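1. quick one: sequence plus predicted model below, questions after.
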Amino acid sequence: MISDEGYILRSINRHGHFGSNLHPASVSTLLKGLQNDLKMDSDEQPLSGHSFRVGAALDLLEQGEPLERIMLRGGWQTDSTAMSYLRNWTV
C-alpha cells in the first residue's frame, strides 16, 4: 500500500515495503543511474542531490519565505552560505 505521508524519496525493498527515507548518498547514485539510462546529452549539467536542495531553497525564496526558514530547510548554518547559493542560482 502506498502512503501519502512521510518522506518523498523513500527506500523500497524487493518485496515492495517502503522504508523511512533514502540515505542522502543514495539520491545522487539514483540520479546518476537515471541520467545514464536516459542517455542524457553530455553538454547538460548533471543532476545531483544538491540540485534538489538548492532548487527547493529557490522555490521557498520565490514564495517569499524568510531566509531563516530557507536556512532551516536547506540545513545551512550561516546566512552567508545560504545567500551564496541563492545568489549564484538567481543571477
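-> Noted; the coordinates are in hand.
2. so what's Arg53 up against?
-> Taking C-beta atoms under 8 Å, 6 or more residues apart in numbering as the criterion, Arg53 is in contact with Gly74, Gly75. The C-beta positions use only the backbone N, C-alpha and C, and glycine is treated the same way.
3. renumber starting at 53 from here on
-> OK, 53 is where the count begins now, so the last one is Arg105.
4. shouldn't it be within a strand?
-> No - using DSSP: H, G, I helix; E, B strand; the rest coil, the assignment for Arg105 is helix, not a strand.
5. mind pulling the model confidence for it?
-> Looking at Arg105, its pLDDT is 82.
6. next: Ser94.
-> 62.
7. swap in Trp141?
-> 67.
8. same question for Leu113.
-> pLDDT, read off for Leu113, is 90.
9. doesn't Ile122 make contact with it?
-> Yes - using C-beta atoms under 8 Å, Leu113 makes contact with Ile122 at a distance of 6.2 Å.
10. mind listing the helices for the protein?
-> Secondary structure of the chain, counting by DSSP state H: helices at 76-89, 101-114, 119-126, 131-142.
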